[in-house]
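Undergrad: Below are the sequence and a predicted model; questions follow.
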Amino acid sequence: MKVKDIMSRPIIVEDEGTLVTKVAEDMEELGIGSVVVTKAGEPAGIITERDIALKVLLKNKRASEVKAREIMSSPLATIEPEAPVEEACKLAARKRIKRLPVVENGVLVGIVSIRDLLTRKPEYVREFYF
């Protein structure tokens with residue numbers, strides 16, 4: 001099984017200059033836990049709910065004054081859509097991340113999460129995470 005068979009689409013992206021208030025509003029409205037941050041249209045980082053909690057709220061910063069680039073996790077670990085699912089598990093476990101953007105020829109085409117992996121290939125997740 002390949003990453004393209006289990007990845008989620010479409011991917012929600014925000015520009016690196018977007019204020020965190022807008023990022024959080026979009027995440028809430030769409031019921032998602034992360035957004036990919038782009039720089040000049042290219043995937044550059046990722047922001048999760050945890051990033052907002054730890055890097056904005058816990059630090060008593062005003063989300064209306066913080067830009068996405070200031071709290072995004074970067075460099076962005078990515079995987080190709082043709083990669084085997086096992087490779088995605090290994091990479092996510094090695095990097096200790098829960099979401100892996102899927103990029104083909106520099107273009108963001110999807111995202112694969114631990115939830116996607118647990119749903120489709122739980123034996124891989126158990127092997128690399130536990």
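TA: Received it, and whenever you're ready, just let me know what you need. Numbering: from 1, shown residues only.
Undergrad: rest of the way, CA atoms for contacts and neighbours
TA: OK.
Undergrad: ranges for the helices of the chain?
TA: 3-6, 20-30, 49-52, 68-71, 85-95, 114-120, 122-129 (DSSP state H).
Undergrad: Relative to Gly106, which of those helices is closest?
TA: The closest of those to Gly106 is helix 3-6. By CA to CA, the value is 15.3 Å.
Undergrad: Pull the residues that contact that closest one.
TA: Contact with helix 3-6 is made by 80-85, 88, 102, 110, 112, 116-117, 120, as judged by CA atoms under 8 Å, 6 or more residues apart in numbering.
Undergrad: Turn the helices of the chain into JSON lines, columns for mean neighbour count and distance to Val37.
TA: JSON lines is the format used below for the helices of the chain (neighbours: other CA atoms under 10 Å; distance: least, CA to CA, whole Å):
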{"stretch": "helix 3-6", "mean neighbour count": "19", "distance to Val37": "21"}
{"stretch": "helix 20-30", "mean neighbour count": "16", "distance to Val37": "10"}
{"stretch": "helix 49-52", "mean neighbour count": "16", "distance to Val37": "13"}
{"stretch": "helix 68-71", "mean neighbour count": "20", "distance to Val37": "7"}
{"stretch": "helix 85-95", "mean neighbour count": "19", "distance to Val37": "18"}
{"stretch": "helix 114-120", "mean neighbour count": "16", "distance to Val37": "20"}
{"stretch": "helix 122-129", "mean neighbour count": "14", "distance to Val37": "26"}
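Undergrad: Out of the ones you listed, the one nearest Lys39 is which?
TA: Of all the helices of the chain, helix 68-71 sits nearest to Lys39, with 8.7 Å by CA to CA.
Undergrad: of the contacts of helix 3-6, the lowest pLDDT goes to which?
TA: Of all these, Arg120 carries the smallest pLDDT score, 68.
Undergrad: Residue ranges in the protein under the pLDDT threshold?
TA: Within the chain, the segments meeting pLDDT under 70 span 120-130.
Undergrad: 90 instead?
TA: Where the chain drops to pLDDT under 90, the residues are 1, 8-11, 41-42, 86, 89-90, 92-93, 96, 106-107, 113-130.
Undergrad: do you know how far Val36 is from Asp51?
TA: Going from Val36 to Asp51 by CA to CA, to the nearest Å gives 12 Å.
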